[in-house]
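*Asks:* here is my input; please provide its structure:
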Amino acid sequence: MSTNKPLRGTRVLSLALNLPGPAALMRLAQMGAACTKINPPAGDPMQHYTPSGYDLLHKGVKLKTLDLKTEKGQAELHKLLSNTDVLLTSFRPSALTKLGLGWKKLHKQYPALSLIEVVGAPGPLAEIPGHDLTYQAEVGLVNGMDLPPSLFADMGGAIMASEAALKALITLKTTGKGSHHEVALSDAAAWLALPRQLRMTTPEGAVGGAHAGYRIYACKNGRVAVAALEPHFAISLCEAAGVALTHPVKDLFKPATRQAIETFLAGQSRAQLDKLAAAKDIPLMTLPR
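*Replies:* Model prediction:
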């Protein structure tokens with residue numbers, strides 16, 4: 001991890017619960033920002049369903065509990081806002097307005113404060129309920145009956161939220177004014193799904209299984225993820241497998257090439273393949289069954 005702290009001196013206040021907000025806050029804290037998180041009296045739901053994850057994401061973050069629906073809680077919040085550069089939220093716009101934190105009112109009270117709103121979908125769609133799973137499903141990242149292997153929309157949204165904070169700080173430096181940024185998790189899912197929309201990761205795509213050098217194969221005692229996509233890697237893989245090539249790209253899309261590589265790898269153990277990767281400079285990773 002880099003020891004550079006470009007956001008040292010920046011003050012970030014977060015009201016964002018669950019995963020995207022805390023993950024964004026974690027990134028900002030790692031860049032040196034002084035981060036404070038306000039939780040409601042019931043706590044952040046993540047504290048209950050993933051306590052270890054909650055602790056990790058909030059490492060180095062100052063935690064406070066406030067009831068923002070009370071006058072006392074509002075007074076404490078505004079005391080903090082008067083000394084804040086970036087406010088991070090994850091409420092629906094209507095809920096944010098009810099708390100008196102709509103952008104127009106906030107900007108009038110604190111002209112140098114920037115607001116980063118993490119929402120489910122952009123614009124008026126932000127009022128419609130949704131979650132990581134629904135946003136991934138919308139852009140074609142949910143296959144069959146299996147849940148996705150990770151919360152891609154949430155984590156992509158966290159990166160976009162930290163990016164928005166950096167934009168806000170640059171704008172503050174150049175104009176002296178705070179700015180408003182909406183980060184939609186549905187947009188994050190769509191961005192991460194772009195390779196699929198470009199048909200790169202569909203079955204006929206080069207990184208979707210059509211290229212024999214970029215696939216998951218079985219080996220003697222497990223599996224092997226092979227990523228020999230570039231011609232020089234593909235040549236090394238095919239030489240090891242005893243496959244003669246006439247073209248280091250076109251031949252890798254031929255069924256006969258895939259079958260020959262599949263047969264070769266099936267006869268190798270994980271240990272043998274690990275040694276082969278090091279000796280022949282082939283990008284692969286062996287896995288258990």
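*Asks:* was I right about Gly156 contacting Trp191?
*Replies:* Yes - the criterion here is C-beta atoms under 8 Å, and Gly156 meets it with Trp191 at 6.2 Å. (C-beta placed from N, C-alpha, C; glycine too.)
*Asks:* distance between the ends of stretch 203-217?
*Replies:* Stretch 203-217 stretches 15 Å from its first residue to its last (C-alpha to C-alpha, to the nearest Å).
*Asks:* which residues in this structure form helices?
*Replies:* 20-30, 45-49, 51-57, 71-81, 93-98, 103-109, 132-138, 152-175, 185-192, 194-197, 231-241, 255-266, 270-280 (DSSP state H).
*Asks:* tell me what the third one is packed against?
*Replies:* In other words, helix 51-57. If you count contacts as 3 or more C-beta pairs under 8 Å, 6 or more residues apart in numbering; DSSP states H and E, helix 51-57 packs onto helix 20-30, helix 45-49.
*Asks:* show me the one of these that comes nearest Thr263.
*Replies:* Taking C-beta to C-beta, helix 20-30 is the member of the helices and strands packed on helix 51-57 nearest to Thr263, at 43.1 Å.
*Asks:* identify all contacting residues around the closest one.
*Replies:* 1, 7, 10, 12, 14-16, 35, 37, 44, 46, 54, 56-61, 86, 88-90, 116, 118, 154-155, 157-159, 161-162, 165, 183, 185 (C-beta atoms under 8 Å, 6 or more residues apart in numbering).
*Asks:* can you turn the buried part of these into a PyMOL selection?
*Replies:* In PyMOL, a selection of the buried entries from the contacts of helix 20-30 looks like this (16 or more other C-beta atoms under 10 Å):
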select buried, resi 7+10+12+14+15+16+35+37+44+46+54+57+58+61+86+88+89+90+116+118+154+155+157+158+159+161+162+165+183+185
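*Asks:* could you chop this structure up by domain?
*Replies:* 11-196, 206-287 (automatic domain parsing).
*Asks:* mind putting the ones you listed in TSV, mean pLDDT included?
*Replies:* Formatted as TSV, those follow (pLDDT from 0 to 100):
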stretch	mean pLDDT
domain 11-196	97
domain 206-287	97
